[in-house]
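Q: any chance you could fold what I've pasted below:
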Amino acid sequence: MASFGQFIKSEREKREWTQTEFGAKIGINTSAICRIENGNQKFSKSKLKKLADLFQIDNQSITDLFFADKFAREAFKYKCSDSIFIVAEDTANYIKSTNVKQGQLDL
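A: Residues are numbered from 1 along each chain as shown. Sure, this is the predicted structure:
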């Protein structure tokens, strides 16, 4: 799996959009698109729905990719072992089970 920025670049290139064209569609300037695709700038969480609509990809899939990238980068930054992903999955399952009664999951 590539980074979220690489995912954006790949999807943009599939559609044969330049960074300028894509930026105009999503509301981000060209230099920011370049930095996002290269991993030097984070994509805005507030634009995930717009990105999903633009790429015609399920919003949940886009959100999952965004947060998986964010979590993996943080784990790498703090030199966590690979077991962090198992612990995170266990923790997420625990949170889901405790929030079932409330009808929503707040992560």
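Q: would you indicate which residues of the helix or strand F67 falls within are buried?
A: Assigned by DSSP states H and E, F67 falls within helix 59-77. Applying a neighbour-count criterion of 16 or more other CB atoms under 10 Å, one finds 62, 65-66, 69, 72 buried in helix 59-77. Just so you know, the C-beta spots here come from the backbone N, C-alpha and C atoms, and that holds for glycine as well.
Q: is it possible to get JSON lines of those residues that adds pLDDT?
A: Putting the buried residues of helix 59-77 into JSON lines (pLDDT from 0 to 100) gives the following:
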{"residue": "I62", "pLDDT": "97"}
{"residue": "L65", "pLDDT": "96"}
{"residue": "F66", "pLDDT": "97"}
{"residue": "D69", "pLDDT": "95"}
{"residue": "A72", "pLDDT": "93"}
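Q: list the helices and strands the helix holding F67 packs on?
A: Other elements packing on helix 59-77 under the criterion 3 or more CB pairs under 8 Å, 6 or more residues apart in numbering; DSSP states H and E are helix 4-14, helix 48-55, helix 83-99.
Q: returning to that earlier point: closest to A24 out of the buried residues of helix 59-77?
A: Nearest to A24 among these, counting by CB to CB, is I62 at 19.4 Å.
Q: tell me the contacts of the residue nearest to the closest one when sequence neighbours are not counted?
A: Closest residue in space to I62, ignoring its immediate chain neighbours: A52 at 4.2 Å, by CB to CB, 6 or more residues apart in numbering. Under the criterion of CB atoms under 8 Å, 6 or more residues apart in numbering, the neighbours of A52 are 58-59, 61-63.
Q: on that earlier part again, of the helices and strands packed on helix 59-77, which is nearest A32?
A: A32 lies closest, by CB to CB, to one member of those: helix 4-14, at 11.1 Å.
Q: pull the distance from the closest one to the chain's centre.
A: Taking CA atoms, centre = their mean, to the nearest Å, the mean C-alpha location of helix 4-14 is offset from the chain mean by 12 Å.
Q: no further queries at this time; thank you.
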